[in-house]
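Chemist: The following comprises the amino acid sequence and a computationally predicted model.
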Amino acid sequence: MYSRGSVHLLTFVLFAALLGTPGCAAAISPLEIDAAQTAARVKTALVNDPIVGVRVIDVRVRAGAVRLSGRVASPDEARRAVEIARGVPGVSQVDSRLQVGGASPEAFPEDDSRADAARGPAYEFAELEDEPGGFAIGGSIGLNNPRGRAAGARVSISPLVRLGSGGGLGPAVAFDWFDAAPIAPPDAVGDVGRVRVRPVMAGVRYTLPLGRLSLSPSLVGGYAFNSLRVAETGAVERLSVGVANSFAWRPGVSIWVESGRRTAIHLSVGRVMTSPRFTVVEGGRLRERSLSADATILQIGLAYKVF
């Protein structure tokens, strides 16, 4: 039975041997290094489990997808091994080839194609399809709470776009649409209209993968396309009658939960900052005023992974 220290030592020795061989360092790609590290983490988690740690389980990793092969004593052990592997950071998919009962097979040699052919159709290695997630689209519903004279919590619907699902730095696209009440007289009663703020923003995000969940703080900026709907009845004095487009930016944090192979749930909170210019009726004349329409937006949505 392997200990945690022995697995880490074996991984270190392997990397040292590869990096110390002339010409090998240039041939090792970052993806291969990441796969080896993920395999070591999965193997460590398995061998340190009191139930499945006594089983000989082969671990292979390709693009975040893990294949488990070998024999276990019961279906419960097979399910436990899959759950352990799925909970390791960096694992996006687990393909279980574990067989229940019988003697443990010999460890699979490095040449999968020849080994699988020698064992027959039961051991054919199915190519693990990369988990989709490079581009996903969907929609979200948000609760926003603008501040100041444009205050008034409202619910709005926005498009949802996800670019990439890997860890580290990457591009971010955000819409964060919201509605607010326009400038109105202090004594105004009832509906005085609605300002629709529709920002289209792009920027950067940093993603921290946590199994099937990922945390992504982001900073985006862009242009807000604004429109104004004014109530048909009510006081005209000091009431907004027009609004201009404006620049907008937003710091925020998103949480993505992989709910299925092609679906992901999105939760986010952010602060959209924009200051559109309003045209207001004052003293029988039209005047322009700049108004801070900053809004805190809490969103929940669902995205479909196109590819």
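Modeler: It's in.

Chemist: Going by C-alpha atoms from here, please, whenever you check contacts or count neighbours.
Modeler: Fine.

Chemist: if I look at the residue most central in space within the chain, how far off is Gly138?
Modeler: The residue lying closest to the centre of the chain (C-alpha atoms, centre = their mean) is Trp256, at 3.7 Å. From Trp256 over to Gly138 the distance is 13 Å, taken as C-alpha to C-alpha, to the nearest Å.

Chemist: hang on, Val91 is in a helix, isn't it?
Modeler: No. Counting by DSSP: H, G, I helix; E, B strand; the rest coil, one finds Val91 to be coil, located in no helix.

Chemist: low-scoring stretches of this protein, by residue?
Modeler: The chain contains residues with pLDDT under 70 at 1-29, 102-133, 146-153, 183-192, 231-238.

Chemist: And the helices in the stretch 101-250 of the chain?
Modeler: With helices called from DSSP state H, counting those that start in this stretch, the stretch 101-250 of the chain shows them at 112-119.

Chemist: which stretches of it form strands?
Modeler: Along the stretch 101-250 of the chain, counting by DSSP state E, counting those that start in this stretch, strands occupy 135-146, 154-163, 168-174, 178-180, 193-210, 213-230, 240-243, 246-258.

Chemist: How about exporting the fifth one as CSV, limited to the C-alpha atoms?
Modeler: In other words, strand 193-210. Extracted in CSV, the C-alpha atoms of strand 193-210 (Å, rounded to 0.1, in the frame of the first residue of the first chain):
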residue,chain,number,x,y,z
GLY,A,193,-41.0,55.7,-15.9
ARG,A,194,-38.0,53.5,-16.2
VAL,A,195,-34.3,53.8,-17.3
ARG,A,196,-33.0,50.7,-19.1
VAL,A,197,-29.2,50.4,-18.7
ARG,A,198,-27.8,47.8,-21.1
PRO,A,199,-24.0,47.6,-20.7
VAL,A,200,-21.9,45.5,-23.0
MET,A,201,-18.5,44.9,-21.3
ALA,A,202,-15.3,42.8,-21.7
GLY,A,203,-12.2,42.4,-19.6
VAL,A,204,-10.2,39.8,-17.7
ARG,A,205,-11.0,37.2,-15.1
TYR,A,206,-9.0,34.8,-12.9
THR,A,207,-10.6,31.4,-12.4
LEU,A,208,-9.8,29.1,-9.5
PRO,A,209,-11.1,25.6,-10.2
LEU,A,210,-12.6,23.7,-7.2
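
Chemist: how far is that strand from where the chain is centred?
Modeler: Relative to its chain's centre, strand 193-210 lies at 14 Å (C-alpha atoms, centre = their mean, to the nearest Å).

Chemist: ok, so what distance separates the residue nearest to the centre of the chain from Gly53?
Modeler: With distances taken as C-alpha to C-alpha, Trp256 is found 31 Å from Gly53.

Chemist: before we move on, what about Ser92?
Modeler: 22 Å.

Chemist: Compare neighbour counts for these two and give me the winner.
Modeler: Higher neighbour count among Ser92 and Gly53: Ser92, with 24 against 18, using other C-alpha atoms under 10 Å.

Chemist: Val82 versus that one, what's the distance?
Modeler: As judged by C-alpha to C-alpha, Ser92 and Val82 stand 12 Å apart.

Chemist: quick revisit: using JSON lines, lay out the strands of the stretch 101-250 of the chain together with distance to Ala73.
Modeler: Formatted as JSON lines, the strands of the stretch 101-250 of the chain follow (distance: least, C-alpha to C-alpha, whole Å):
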{"stretch": "strand 135-146", "distance to Ala73": "40"}
{"stretch": "strand 154-163", "distance to Ala73": "42"}
{"stretch": "strand 168-174", "distance to Ala73": "39"}
{"stretch": "strand 178-180", "distance to Ala73": "56"}
{"stretch": "strand 193-210", "distance to Ala73": "30"}
{"stretch": "strand 213-230", "distance to Ala73": "31"}
{"stretch": "strand 240-243", "distance to Ala73": "70"}
{"stretch": "strand 246-258", "distance to Ala73": "30"}
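
Chemist: Comparing these, which comes out most buried?
Modeler: Most buried of the strands of the stretch 101-250 of the chain by mean neighbour count (mean count of other C-alpha atoms under 10 Å) is strand 178-180; its value is a mean of 26.

Chemist: Pairing partners for it, with directions?
Modeler: Paired neighbours of strand 178-180 in the sheet (DSSP bridges): strand 193-210 (antiparallel).

Chemist: by how many degrees do the partner strand and strand 154-163 diverge?
Modeler: Angle of strand 193-210 versus strand 154-163, following axes from the mean of the first three to the mean of the last three C-alpha atoms, to 10 degrees, is 40 degrees.

Chemist: Cool, thanks, signing off.
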